[in-house]
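Colleague: I'd like to go over a predicted model; first the sequence, then the structure.
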Amino acid sequence: MYVAAKGGERAIRNAQALIAEARRGDPALPELEPAQIQEQLRLAVDRVMNEGSVYDPELAALALKQASGDVLEAIFLLRAYRATLPRLGYSAPIDTACMRLWRRISATFKDLPGGQVLGPTYDYTQRLLDFSSGPPAAAAEADAASEAAPRVLDLLGREGLIEPQEPPSGDPEPFDLTREPISFPASRAARLQNLARGDEGFLLAMGYSTQRGYAHSHPFAGEIRYGLVEVEIVPEELDFPVAIGEIALTECQMVNQFHGSKTEPPQFTRGYGLAFGHCERKAMAMALVDRALRAEELGEPLTAPAQMQEFVLSHSDALEASGFVQHLKLPHYVDFQAELELVRKMR
Amino acid sequence: MRDENYNFAYLDERTKRMIRRALLKAVAIPGFQVPFGSREMPLPYGWGTGGVQVTASVIGPRDVLKVIDQGADDTVNAVNIRAFFERTTGVATTERTVEATIIQTRHRIPETPLAEGQILVYQVPVPEPLQRLEPREAETRRMHALADYGLMHVKLYEDIARYGQVSTTYDYPVMVEGRYLMAPSPIPKFDNPKMHMSPALQLFGAGREKRIYALPPYTRVESLAFEDHPFEVQRWSQPCALCGARDSYLDEMLVDDRGGRMFVCSDTDYCSQRRGREEAA
């Protein structure tokens, strides 16, 4: 007698054993420790923290190990774990102007207060595979984070050439994407939260499309900064902020042309990107997409996908996309049977 | 055995309360999609995260859970979800439709009629019945508010004009209490009539799309149709090859590479109960 997909339970157990074995690889080689991943694959760890929406390098490293280096799978593990954590409170707004800088560059000014600081970057390396893999060259001259420096856009702002960006009146509590579903049209706070956990590849492609004529916004990288920022909370029983630690952040502020409108004079506008750890590509792409999504607010014609909120925000989440695309692997016998019957009847 | 590292049914109590509030609203407005703060679950979006969250929010230690996918208890995704709840709640599970207090399902409604007190939880991939006709949610929300469902009627009409029949065979849209157009989830249209005036509570969870909706017991649920083109369900020319049922939804199995095929019940519990009765007789 025919037995369809029987023994699902045993099949799952076997699959789990096989993936564990495949993950471990050759047992003659030493097993990877999460600490090694955290120290030596820091950019992968940072990406997992960003899209996993948890700042915890140790958990991100563990997730990468468990996922055999599949970044999306690691993000998934971290997000699922995150869902079990209670929300204890909100931090006070961080101040990136007080960032202790590891890296800070501006493409709009040759020199500026605080100077250009290249810091750790692959930007000016020659991409040649290095077969030596020996110890690194002598330690860099400055490895400690340097002092804070003012933000480039704040300098522009003093001249009134760039739109001011103030909290809305009354400084209302922002929308929280992790607690409530997004609804359209979405506020800028909601959009930025969505982009911050959005898939890096998706944002890169959407940002790229704005540079190729689909909603071009004449961007300049006003500033990219990477460093340590203090996180503070204001406990209910005290009325002053208490620092609870530091986190590494990458911030990108794009400066974009704006021709002015009925109410606004011509000026520069902003696109904003912020990411945990060192994620410049992500922060820059996010800033481009953020600016494109402001088209409606700035009275620009909506012509390109990157300007369309529902298109961008509903498809940016790697977990949602990956899950739904891959759910096609699940059995669809019943629906397919219905379609079979229909096609036979229609022929 | 329950895994004590996680809260009962995985979600923390505050999250469950949030989902129960959404459920209460959904029950109060049958067929209306209620947005909720869907959480990331340890299984992928599109694999039942909405259903799992709904089940996790309503399940108690004395519940008896049945999980089916494509009508079967033993398909891998059903096995996986059942194992998840065994691990996080320790509740009793069953494959018998009549024994279950909660049935979580993907793509089928059991053939055995449900009873008062039972809860049927549907896994929903696309809660918005109008999404394929109008992808913008701001627009579809307006259409629901105005009960403006012309777009769907035009689609059905065009199907009939072009093919002589409606070409939707599953996830066939229904009107709830004459007010809200609702996606029944991708159940075959064969199952649509079972939703109408069901004594069971029917809950729908869409995790990725962050929507919950519901049909309280004894709700009017009509499949869309025209007077001259009434709604019809699938029929088979042969009975189930295993139990001989003529009233159940059949899956087609290819049995060799020469075009041989057989038809068997997609609802494995229904099929085995019928065979058990035959053997006993």
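Modeller: Here it is on my side, so go on.
Colleague: got the residue ranges for the helices in the chain?
Modeller: No chain in the question, so chain A it is. Secondary structure of chain A (DSSP state H): helices at A:8-24, A:34-40, A:42-52, A:57-66, A:71-82, A:152-157, A:188-196, A:200-211, A:280-293, A:309-313, A:318-326, A:333-346.
Colleague: not quite, I wanted chain B
Modeller: B:13-28, B:49-58, B:76-89, B:137-145, B:150-163, B:192-195, B:268-280.
Colleague: Report the mean per-residue pLDDT for the second one.
Modeller: The reference is to helix B:49-58. Averaged over helix B:49-58, pLDDT sits at 97.
Colleague: Test of understanding: give the bridge partners of the nearest residue to A:Met286 once chain neighbours are set aside.
Modeller: Nearest residue to A:Met286, sequence neighbours excluded (CB to CB, 6 or more residues apart in numbering or on different chains): A:Gly273, at 3.5 Å. Glycine gets a C-beta too; all of them are placed from N, C-alpha and C. In this entry, A:Gly273 is beta-bridged to A:Cys252, by DSSP bridges.
Colleague: quick one: terminal-to-terminal distance for stretch A:82-102?
Modeller: Start-to-end span of stretch A:82-102 (CA to CA, to the nearest Å) is 29 Å.
Colleague: nope, stretch A:266-279 is what I was after
Modeller: First residue to last in stretch A:266-279 (CA to CA) measures 32 Å.
Colleague: before we move on, the earlier item: tabulate the helices of chain B (JSON lines), appending mean neighbour count and distance to A:Trp102.
Modeller: Shown next, in JSON lines, are these (neighbours: other CB atoms under 10 Å in any protein chain shown; distance: least, CB to CB, whole Å):
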{"stretch": "helix B:13-28", "mean neighbour count": "18", "distance to A:Trp102": "37"}
{"stretch": "helix B:49-58", "mean neighbour count": "26", "distance to A:Trp102": "38"}
{"stretch": "helix B:76-89", "mean neighbour count": "21", "distance to A:Trp102": "42"}
{"stretch": "helix B:137-145", "mean neighbour count": "16", "distance to A:Trp102": "41"}
{"stretch": "helix B:150-163", "mean neighbour count": "13", "distance to A:Trp102": "54"}
{"stretch": "helix B:192-195", "mean neighbour count": "20", "distance to A:Trp102": "59"}
{"stretch": "helix B:268-280", "mean neighbour count": "16", "distance to A:Trp102": "60"}
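Colleague: which one of these has the lowest average pLDDT?
Modeller: helix B:268-280 (a mean of 87).
Colleague: before we move on, the earlier item: of the helices of chain A, which stretch is the most buried?
Modeller: helix A:280-293 (a mean of 26; mean count of other CB atoms under 10 Å in any protein chain shown).
Colleague: Now do that helix against helix A:200-211, angle only.
Modeller: 50 degrees (axes from the mean of the first three to the mean of the last three CA atoms, to 10 degrees).
Colleague: Mind giving me the packing neighbours of helix A:280-293?
Modeller: Packed against helix A:280-293 by the contact rule (3 or more CB pairs under 8 Å, 6 or more residues apart in numbering or on different chains; DSSP states H and E) you find helix A:188-196, helix A:200-211, strand A:219-233, strand A:242-256, strand A:269-276, helix A:309-313.
Colleague: Which among these is found nearest to B:Leu224?
Modeller: helix A:309-313 (25.6 Å; CB to CB).
Colleague: just to revisit the earlier point, pipe the helices of chain A into a markdown table and attach distance to A:Leu128 per row.
Modeller: What follows is these, written out as a markdown table (distance: least, CB to CB, whole Å):
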| stretch | distance to A:Leu128 |
| --- | --- |
| helix A:8-24 | 31 |
| helix A:34-40 | 20 |
| helix A:42-52 | 19 |
| helix A:57-66 | 26 |
| helix A:71-82 | 25 |
| helix A:152-157 | 33 |
| helix A:188-196 | 34 |
| helix A:200-211 | 24 |
| helix A:280-293 | 21 |
| helix A:309-313 | 37 |
| helix A:318-326 | 31 |
| helix A:333-346 | 51 |
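Colleague: Just give me the lowest mean pLDDT stretch among those.
Modeller: Among the helices of chain A, helix A:152-157 carries the lowest mean pLDDT (a mean of 83).
Colleague: show me what contacts the residue in the stretch 151-300 of chain A positioned nearest to chain B?
Modeller: In the stretch 151-300 of chain A, the residue that lies nearest chain B is A:Pro181 (3.6 Å; CB to the nearest CB). Counting by CB atoms under 8 Å, 6 or more residues apart in numbering or on different chains, A:Pro181 makes contact with B:Pro35, B:Phe36, B:Gly37, B:Ser38, B:Lys210, B:Arg211.
Colleague: From the chain's centroid, how far away is stretch B:73-93?
Modeller: 17 Å (CA atoms, centre = their mean, to the nearest Å).
Colleague: From the recorded domain assignment, give the ranges for the chain.
Modeller: Since you didn't name a chain, this refers to chain A. A:13-82, A:96-120+A:144-165+A:177-324 (automatic domain parsing).
Colleague: nope, chain B please
Modeller: According to automatic domain parsing, the ranges for chain B are B:13-129+B:174-221, B:235-281.
Colleague: Leaving out sequence neighbours, find the closest residue to B:Thr169.
Modeller: Nearest to B:Thr169 is A:Ala338, by CB to CB, 6+ apart, at 3.6 Å.
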